[in-house]
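> Sequence below, structure please.
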Amino acid sequence: MVSGSPSPLAETTTALAHIRHLVLVTGLSGAGKSIALKYLEDMGFFWTDNLPLPLVAHYLNHLREEQRADIRVAIGVHLREPGCLTAFQSYYQQVSALAADTELLFLEANEETLVNRYQETRRRHPMGQECTVREAIASEIQSLEPVRAMADLVIDTSRTTIPQLKERLAQLFRDVRHEQSQESELTLIIRSFGFKFGANTDADMVLDGRFLPNPYYDPALRPFCGYDEPVIRFLEKDGEALAFLERLQSLFDYLLPRYQREKKRYFTVDIGCTGGCHRSVFLVEQMTKRLRQQGYRVLMRHRDVQRPLIPPETGSSGSQE
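Numbers count the residues shown, from 1 in each chain. Presented below is the predicted three-dimensional model:
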């Protein structure tokens, strides 16, 4: 910056009246940041990608000067310039002051998925000039860990298709001007999944429902899911599932007001069973219903319900749902 020139923060303090919602999109190379930005554009965000962090404030000021009132802005930040990582927290605090609502979205995927994506596209990893793709990915994961820890929301795209990513972004970032008029509002994301297909890496809490009786082993119940009435009756019959839900209710009653007090924006809870079709789906459905009745904003996801079930004769009993 030229000595004596006004700081970007000083130039953009009046932008508060115009930048309603700012989302900074960052994360691992190959995790889907560019795709996420395009979907945010579809939702009405002005967006730009690969903007150096020191220029973010100037960009917001440019939008203000064009008299774009009450807008939503998404910016892809790649943090590859020298010194950006060490200065990121300071820059983020400055930029946060320029919008009424600012969120940091971090996209990631596991190492094997990222290696496969680079092999399929035959692209060079941006940090891989003097090392292998796998070494570059490992280095980037380590270097971005402090930024990940700051994120309001982490999305793991390892097992997420492009349509699923679009749907999740639509749920999270649709225009919720009235619903989220208060910065302290907490959004709960509760997801079912199957342990046999791997756990997600972006959950704040992972719970295991595999101790409950398994409807999979009843041929009459196997075709149904945890939101279907026959499975619901089966799981409620001996009282174990209901007792577990009561204990989860007590846990959330304790945790959620404290997260709200700390102004946590998102809280992601994964509940798993073996195949992600019966027990975990039941628990997620029931817990979502309870929390919505309490007035919480809850987004519900079932990751593995569309996967085909393995017939019992083709696999060991330990590998079944």
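> all contacts plus neighbour counts: C-alpha atoms, from now on.
Will do.
> so residue 137 sits in a strand?
No - read with DSSP: H, G, I helix; E, B strand; the rest coil, residue 137 is helix and lies in no strand.
> My guess is it contacts residue 110. True?
No - checked against C-alpha atoms under 8 Å, the pair residue 137 and residue 110 is beyond contact range at 9.5 Å.
> Which helix in the protein has the most residues?
Counting residues, the longest helix in the chain under DSSP state H turns out to be helix 240-261.
> which neighbours does the helix or strand just after that one have in its sheet, and in what orientation?
Going down the chain from helix 240-261, the next helix or strand is strand 266-273, by DSSP states H and E. Strand pairing for strand 266-273, determined by DSSP bridges: strand 187-194 (parallel), strand 205-208 (parallel).
> winner for burial among the ones you listed?
Ranked by mean neighbour count, the strands paired with strand 266-273 are led by strand 187-194 with a mean of 24 (mean count of other C-alpha atoms under 10 Å).
> what's the angle from it to helix 240-261?
150 degrees (axes from the mean of the first three to the mean of the last three C-alpha atoms, to 10 degrees).
> and strand 187-194, how far out from the chain's middle?
10 Å (C-alpha atoms, centre = their mean, to the nearest Å).
> ok, residue 109 to residue 31 distance?
Computed as C-alpha to C-alpha, to the nearest Å, the residue 109 to residue 31 distance reads 6 Å.
> Output the longest helix of the chain as CSV, nothing but the C-alphas.
Taking Å, rounded to 0.1, in the frame of the first residue of the first chain, the C-alpha atoms of helix 240-261 are listed here in CSV:
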residue,chain,number,x,y,z
GLU,A,240,-34.0,-48.3,23.6
ALA,A,241,-34.3,-45.9,20.7
LEU,A,242,-36.6,-43.6,22.6
ALA,A,243,-34.3,-43.6,25.7
PHE,A,244,-31.4,-42.7,23.5
LEU,A,245,-33.4,-39.8,22.0
GLU,A,246,-34.3,-38.5,25.5
ARG,A,247,-30.6,-38.5,26.4
LEU,A,248,-29.7,-36.7,23.1
GLN,A,249,-32.4,-34.2,23.9
SER,A,250,-30.9,-33.5,27.2
LEU,A,251,-27.4,-33.1,25.6
PHE,A,252,-28.7,-30.6,23.0
ASP,A,253,-30.7,-28.7,25.7
TYR,A,254,-27.4,-28.2,27.4
LEU,A,255,-25.2,-27.5,24.4
LEU,A,256,-27.2,-25.4,22.0
PRO,A,257,-27.9,-22.3,24.2
ARG,A,258,-24.2,-22.2,24.9
TYR,A,259,-23.3,-22.4,21.3
GLN,A,260,-25.8,-19.6,20.6
ARG,A,261,-24.2,-17.5,23.4
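> Show me the contact partners of it.
184, 185, 186, 212, 235, 236, 283, 286, 287 (C-alpha atoms under 8 Å, 6 or more residues apart in numbering).
> what touches both of residue 109 and residue 31?
What both residue 109 and residue 31 touch, as defined by C-alpha under 8 Å, 6+ apart, is the set 156, 157, 158.
> Is the second one in contact with residue 111, as I believe?
No - no contact is recorded between residue 157 and residue 111 when judged using C-alpha under 8 Å, the distance being 11.3 Å.
> Please identify which of those two sits among more neighbours.
Taking neighbours as other C-alpha atoms under 10 Å, residue 157 and residue 111 compare with residue 157 leading, 22 against 16.
> so what's that one up against?
With C-alpha under 8 Å, 6+ apart, residue 157 has these contacts: 31, 32, 107, 108, 109, 165.
> quick one: secondary structure of the spatially closest residue to the fifth one that is not a sequence neighbour?
The one in question is residue 109. The spatial neighbour of residue 109 that comes closest, neighbours along the chain excluded (C-alpha to C-alpha, 6 or more residues apart in numbering), is residue 158 at 4.6 Å. The three-state label given to residue 158 by three-state DSSP is coil.
> picking up where we left off before, most neighbours, which of the contacts of helix 240-261?
So for the contacts of helix 240-261 (other C-alpha under 10 Å), the most neighbours sit at residue 283, 27 neighbours.
> Could I get the pLDDT score of that residue?
Looking at residue 283, its pLDDT stands at 98.
> gap between it and residue 272?
9 Å.
> same deal with residue 246?
With C-alpha to C-alpha as the criterion, residue 246 and residue 272 are 17 Å apart.
> Among these two, which residue is more densely surrounded?
Shown here are residue 246 and residue 272; by other C-alpha under 10 Å, residue 272 has more neighbours (27 against 13).
> Hmm, that one is touching residue 209, no?
Yes - with contact defined as C-alpha under 8 Å, residue 272 reaches residue 209; the gap is 5.8 Å.
> Now do the shared contacts for those two.
279, 280.
> Report the next helix or strand after the lowest-mean-pLDDT helix or strand in the chain in sequence order.
Taking mean pLDDT, DSSP states H and E as the measure, the helix or strand of the chain with the lowest value is helix 8-11, at a mean of 43. Heading C-terminal from helix 8-11, the first helix or strand you meet, by DSSP H and E, is strand 19-27.
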